[in-house]
Structures are given as C-alpha cells and as structure tokens.
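Colleague: just need the structure, nothing else, for what follows:
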Amino acid sequence: MDKLVKDTGERVIPDYMTHMNKLVLEHTARYQFALNYVKGRVLDLSCGAGYGTHMIAKEMKDEIDEIIGVDIDPEIIKYAKGRYYHPKSAFVVADATEAKLKEKVGTFDTIVSFETIEHIEQEESLLNNYDQLLNDGGTLIVSTPFGEGRGKPCGSPFHVHQLKPEEFIELFQQYETAFYYQKGVLIEPARPDLDYPLGIAVCQKV
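Modeller: Purely as a prediction, here's the structure:
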C-alpha cells in the first residue's frame, strides 16, 4: 500500500487525505451531483480509487441494477476491490479508449466519467466509446477542468491538455445536453459574473 500512496499523483484517495481536503470535497460533490441522474446499469469510467463507485452503489441501490468501476491502473483497481464492497458493484481493469471495451463490459443506462478527457490523447476513441457504451435514452455525465485549449501546454504534468469551455461544449453536439459548471463544491448553470475552473456535461442519448 505504501507504493500506492507514493504513486497517487493527482488521484483522490479519501483514506489518505483529510475529510476537508479541497480535492476530496470537489470530487465528492461531483458524484453527489451525479446521484440525481443515475439509474439502471451504471458505468463509472476512470473510477480511480472507487469511492465514487461505492457512493453510487450505496446511495442509489434501489435505483440501479449494478455499477461497474473501470480504470486503466491495476494497482488502483486492486485497492478499490479491497477497500469498497457492495453487492451491486464490481471493478474492472480496462482502458477507456480501447476499441473492444464494449465487448468487455457491455452497455449502460448511465455513464459517469469524471476527470478523464484531459488525460486522453485519443480523444475520438474515448468519445466513440461513450457513444457505443451508452444505451439509447441513457445519460452520460462528463467533467473536465478548463484551461488554454486543445494542444496547448497546461500546468498539470498528468494532463495532455485542458480544453476551453467552448471546446468542451462542442464535444457533445450529438446529445441533448445541459452544461453545468463547478467552483469549489458549488455546481450550477453558468453565471456571467463567475469564472469556473471546471465544466460538467449531462448528456442524454436520443
């Protein structure tokens, strides 16, 4: 477990942080927000340590059939399996961009994918998987931090880039989409008097 602590990078692992840690509060707020939308079979794509997957399983046990947490890192999935158990949850090691992901995990009524796009060079592969994995009428909830734009350097060594708000909006034109914005734990529709560091898209596949 010491290796996991040392290699967390920007990962949020609540067991290793104080309950008032800013990242813990912000990430938990996004999952709390997502509870309003999850139903049926649920995918938490890029689930990290699994705390959000577990939150959904516990809080929405009567509304969901099951939830699958997927992450590319075998060590973090091993941690999630050991730390969080619920009869309606499971954790799987997989790449969010892999072409055969649908064959591995199936399709879903709800997909939650927080803080994923900024890590991915193969953006089109990720977007295609969102579409392939989401059932008709299903809901996709995606978040990402904003920055200087696609292909531009950003302050995080863990990010490929950070999209501008308008670039983020353009990704989800094929869906019926509502956009929300986060500042601290506050998540709301955009207000002209505020600059938001992060956006959330709630997309329905029609």
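
Colleague: contacts and neighbour counts: CA atoms only from here.
Modeller: Fine.

Colleague: mean confidence for the one helix or strand Val42 maps to?
Modeller: Assigned by DSSP states H and E, Val42 belongs to strand 40-45. Mean per-residue pLDDT for strand 40-45: 98.

Colleague: sheet partners, orientation included, of that strand?
Modeller: Sheet pairing of strand 40-45 (DSSP bridges) gives strand 64-71 (parallel), strand 108-114 (parallel).

Colleague: so which elements touch the helix or strand that that strand is followed by?
Modeller: As assigned by DSSP H and E, the chain's next helix or strand after strand 40-45 is helix 51-59. Packed against helix 51-59, as judged by 3 or more C-alpha pairs under 8 Å, 6 or more residues apart in numbering; DSSP states H and E, are the following elements: helix 22-34, strand 64-71, strand 89-93.

Colleague: which parts of the first one are buried?
Modeller: Put plainly, it is helix 22-34. Within helix 22-34, the residues scored as buried using 16 or more other C-alpha atoms under 10 Å are 23-31, 33-34.

Colleague: kindly report the same for the last one.
Modeller: Buried positions in strand 89-93, judged by neighbour count with 16+ other C-alpha under 10 Å: 89-93.

Colleague: that strand vs strand 40-45, what angle?
Modeller: 40 degrees (axes from the mean of the first three to the mean of the last three C-alpha atoms, to 10 degrees).

Colleague: what lies in contact with strand 89-93?
Modeller: Around strand 89-93, the neighbours that count as contacts under C-alpha atoms under 8 Å, 6 or more residues apart in numbering are 50, 53-54, 57, 66-74, 77, 80-81.

Colleague: quick one: distance of the following helix or strand past it to the chain centre.
Modeller: Using DSSP H and E, the helix or strand that follows strand 89-93 in sequence is helix 101-105. Averaging C-alpha positions (C-alpha atoms, centre = their mean, to the nearest Å) puts helix 101-105 18 Å from its chain's average.

Colleague: before we move on, what about stretch 73-81?
Modeller: With C-alpha atoms, centre = their mean as the basis, the mean position of stretch 73-81 lies at 16 Å from the chain mean.
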